[in-house]
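Student: sequence first, then the predicted structure, then my questions.
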Amino acid sequence: MHSRHQQYCLLIIICLVLAAPLRAEENPLNDPDLQEMLKQAQEMQKKAAEIQKQNPTSADPKKKLAEMLSQAKEEEARQAQEEKREKEKLQTALKKQLEAPGPVVLPDWTPGTPQFKANGAPTRKIVDDEVRIIQTGTSSLTPEKIAESWQAAAATANNLNQSLNKINVNGKITRILFLSTRTDPRQEVELEASREPDSKITQVEISSPLPEPDVESE
């Protein structure tokens with residue numbers, strides 16, 4: 001803007017010089033008014049140069065927007081890559097925990113399940129980004145009776161928190177009971193007992209999550 005202004009001023013001055021009546025014995029540049037205008041033009045040029053130096057021409061808005069979008073995409077890609085690395089580290093730690101030697105048993109305070117027939121020994125399994133010890137089996141008691149039995153045992157222990165979910169869908173009855181210790185180290189046990197309509201057998205799954213693995217050391 002300032003550069004154009006200064007060019008216009010210089011153009012006007014040149015026009016005035018050319019348009020001034022010339023006399024053989026006079027030089028148009030000696031005219032006081034013209035000298036004053038030249039002086040002002042020089043001052044304007046100097047000021048414009050200073051302003052230009054202090055405030056460089058801003059980047060084109062479209063170019064600036066493109067740069068911002070590019071930076072946003074780079075940051076998104078960086079975060080995605082970081083999340084991928086963290087997930088890979090977690091999966092490695094979980095696999096190591098899954099295959100670790102040692103007994104595979106539920107917490108010793110886990111309530112007994114009446115008339116329970118196990119489908120084998122407890123096993124370890126990765127479920128929802130954690131390793132859980134899982135015991136499956138069946139019982140002739142209804143899901144309601146099994147849940148009530150567990151609740152009574154938890155109340156007797158007097159050091160367990162409990163939460164019961166009741167689910168009835170299309171005649172299928174399911175009871176899910178969560179138990180957890182009130183003291184550290186905190187342990188959890190989950191009971192899921194369900195029976196299909198017209199069935200006399202209740203499917204039972206008892207599970208307990210292992211402590212979170214140390215991902216940082218992986």
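Tutor: That came in fine, so what should we check first?
Student: can you give me the helices in this structure?
Tutor: 2-19, 32-54, 61-98, 143-157 (DSSP state H).
Student: looking at those, which is buried most?
Tutor: helix 143-157 (a mean of 17; mean count of other CB atoms under 10 Å). For glycine as for every other residue, the C-beta is placed from the backbone atoms N, C-alpha and C.
Student: report the mean per-residue pLDDT for that one.
Tutor: Averaged across helix 143-157, pLDDT comes to 96.
Student: measure how far it is from the centre of its chain, please.
Tutor: 39 Å (CA atoms, centre = their mean, to the nearest Å).
Student: what comes into contact with it?
Tutor: Residues from elsewhere that reach helix 143-157 (CB atoms under 8 Å, 6 or more residues apart in numbering): 109, 111-114, 139, 141, 160, 162, 164, 173-175, 177, 179, 191, 193-195, 202, 204.
Student: of the helices of the chain, which is nearest residue 185?
Tutor: Proximity to residue 185 (CB to CB) singles out helix 61-98 among the helices of the chain, at 15.5 Å.
Student: the closest one packs against which elements?
Tutor: Here helix 61-98 touches strand 123-126, strand 131-139, going by 3 or more CB pairs under 8 Å, 6 or more residues apart in numbering; DSSP states H and E.
Student: need those strands in CSV with mean pLDDT, can you?
Tutor: Output for these, formatted as CSV (pLDDT from 0 to 100):
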stretch, mean pLDDT
strand 123-126, 96
strand 131-139, 97
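Student: could I get those strands as a markdown table with mean neighbour count and distance to residue 39?
Tutor: A markdown table is the format used below for the helices and strands packed on helix 61-98 (neighbours: other CB atoms under 10 Å; distance: least, CB to CB, whole Å):
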| stretch | mean neighbour count | distance to residue 39 |
| --- | --- | --- |
| strand 123-126 | 14 | 85 |
| strand 131-139 | 18 | 86 |
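Student: CSV for these, including distance to residue 82?
Tutor: Output for the helices and strands packed on helix 61-98, formatted as CSV (distance: least, CB to CB, whole Å):
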stretch, distance to residue 82
strand 123-126, 22
strand 131-139, 24
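Student: coming back round to it: which of the contacts of helix 143-157 are buried, as a PyMOL select command?
Tutor: Only the buried entries of the contacts of helix 143-157 go into this PyMOL selection, using 16 or more other CB atoms under 10 Å:
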select buried, resi 111+113+139+141+160+162+173+174+175+177+179+191+193+194+195+202+204
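Student: among the helices and strands packed on helix 61-98, which is nearest residue 62?
Tutor: The nearest among those, by CB to CB, is strand 123-126 at 49.2 Å.
Student: what lies in contact with the closest one?
Tutor: Taking CB under 8 Å, 6+ apart as the rule, strand 123-126 contacts 94-95, 97-98, 104, 131-134, 210.
Student: neighbouring contacts of stretch 211-218?
Tutor: Residues outside stretch 211-218 that contact it (CB under 8 Å, 6+ apart) are 86, 89-90, 92-94, 96-97, 130-131, 185.
Student: max pairwise distance over the residues you listed: which two?
Tutor: 86 and 185 (24.5 Å).
Student: which residues does the nearest residue to residue 164 once chain neighbours are set aside bridge with?
Tutor: Nearest residue to residue 164 in three dimensions, chain neighbours excluded: residue 177, at 5.1 Å (CB to CB, 6 or more residues apart in numbering). Applying DSSP bridges to residue 177 gives these bridge partners: residue 164, residue 191.
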